[in-house]
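Asker: pasting the sequence and the predicted model now:
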Amino acid sequence: MLGKCRNFYKAVTRPNSRGINVIAEVKKASPSAGVIREDFDPVAIARTYKKCGADAISVLTDEKYFQGRLEYIDRIKEAVDLPVLRKDFIIDLWQVYESRAAGADAILLIAEALKPGKLMDLMIAAAELTLTVLLEIHRADTLLAVRSMIGFPKRGYSVLGINNRNLTTMEVDLNTTSRLAELIDNKNELVAESGIKTRADIEKLKSIGVRAVLIGQVLCESADIEEKFAELFG
């Protein structure tokens, strides 16, 4: 029998003294950077994130491009009490059920990779399974098409992510979040993703009302994750 999901939505939207919430990512490799961390221990990294004060954990499970594994989710959830996001290329209904069975509390859905009808079906299935959806966009036209879906099919089961990386060219522009945030009324459900590397980046995102950041590479490539986390978030 499946256990109750941890509340990813609440974890990434509730106010805190830091002024911004942190989804810290467990990440071994990426298509753009190759292997990021040779001495990769997903459980140890997750425990460090918990110690640092992260609000939630993101876990790469794609094997081909990120050298991730689905089994990392369960191992991490046994080690820390934070909500866990499965970050993968989810395009089919069976992957939503697989995510829930693997212990995920939330899943990533990339709007630009899905037709509107399919996206809606996946969001409905996720909500029925009590999974939160991180609905990711990169372009303004996609944002305008899907922003009304935040809160669908019911409130508290989805947040909007703006990816600063163009997944076609792999180029990163932190100003993507700044530009697109102007089109969003409720920034309390807004997550900025990719290219966040410095304290100045964090402060800029806070200044435009971003509620949470998803950050991984700059932490995982650091020799001292605790030190880097403190440098970024104080």
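Answerer: That came in fine, so what should we check first? Numbering: from 1, shown residues only.

Asker: any idea which element Ile73 lies in?
Answerer: helix 71-79 (DSSP states H and E).

Asker: can you give the distance of that helix from its chain's centre?
Answerer: Chain-centre distance of helix 71-79: 16 Å, with C-alpha atoms, centre = their mean, to the nearest Å.

Asker: kindly report the same for stretch 82-101.
Answerer: The mean C-alpha position of stretch 82-101 is separated from the chain mean by 12 Å, C-alpha atoms, centre = their mean.

Asker: in it, what's buried?
Answerer: 82-90, 95-96, 98-100 (16 or more other C-beta atoms under 10 Å). For every residue, glycine as well, the C-beta is placed using N, CA and C.

Asker: show me what the helix holding Ile73 is in contact with.
Answerer: Identification of contacts with helix 71-79 by C-beta atoms under 8 Å, 6 or more residues apart in numbering yields 6, 26, 42-43, 46-47, 57, 59, 61, 84, 86, 102-104.

Asker: report the buried members of those.
Answerer: Buried among the contacts of helix 71-79 (16+ other C-beta under 10 Å): Arg6, Val26, Pro42, Ala46, Ile57, Val59, Thr61, Val84, Arg86, Ala102, Gly103, Ala104.

Asker: wait, isn't the fifth one in contact with Leu85?
Answerer: This points to Ile57. Yes. Under the criterion of C-beta atoms under 8 Å, Ile57 makes contact with Leu85 at 6.9 Å.

Asker: which other residues reach the least confident helix or strand in the chain by mean pLDDT?
Answerer: Across the helices and strands of the chain, the lowest-confidence element by mean pLDDT, DSSP states H and E is strand 34-35, at a mean of 87. Residues outside strand 34-35 that contact it (C-beta under 8 Å, 6+ apart): Lys28, Ala29, Gln67.

Asker: where does pLDDT dip in this protein?
Answerer: For the chain, applying pLDDT under 70 flags the ranges 1.

Asker: can you pull out the strands in this protein?
Answerer: In the chain, the strands defined using DSSP state E lie at 21-26, 29-30, 34-35, 56-60, 84-87, 106-110, 132-137, 158-163, 190-193, 212-215.

Asker: adding distance to Leu2, write the ones you listed out as JSON lines.
Answerer: Shown next, in JSON lines, are the strands of the chain (distance: least, C-beta to C-beta, whole Å):
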{"stretch": "strand 21-26", "distance to Leu2": "22"}
{"stretch": "strand 29-30", "distance to Leu2": "30"}
{"stretch": "strand 34-35", "distance to Leu2": "33"}
{"stretch": "strand 56-60", "distance to Leu2": "18"}
{"stretch": "strand 84-87", "distance to Leu2": "14"}
{"stretch": "strand 106-110", "distance to Leu2": "14"}
{"stretch": "strand 132-137", "distance to Leu2": "15"}
{"stretch": "strand 158-163", "distance to Leu2": "20"}
{"stretch": "strand 190-193", "distance to Leu2": "25"}
{"stretch": "strand 212-215", "distance to Leu2": "25"}
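
Asker: can you say which of those is nearest to Leu232?
Answerer: strand 212-215 (7.4 Å; C-beta to C-beta).

Asker: can you list the buried residues in the closest one?
Answerer: Ala212, Val213, Leu214, Ile215.

Asker: thanks again, I'm all set now.
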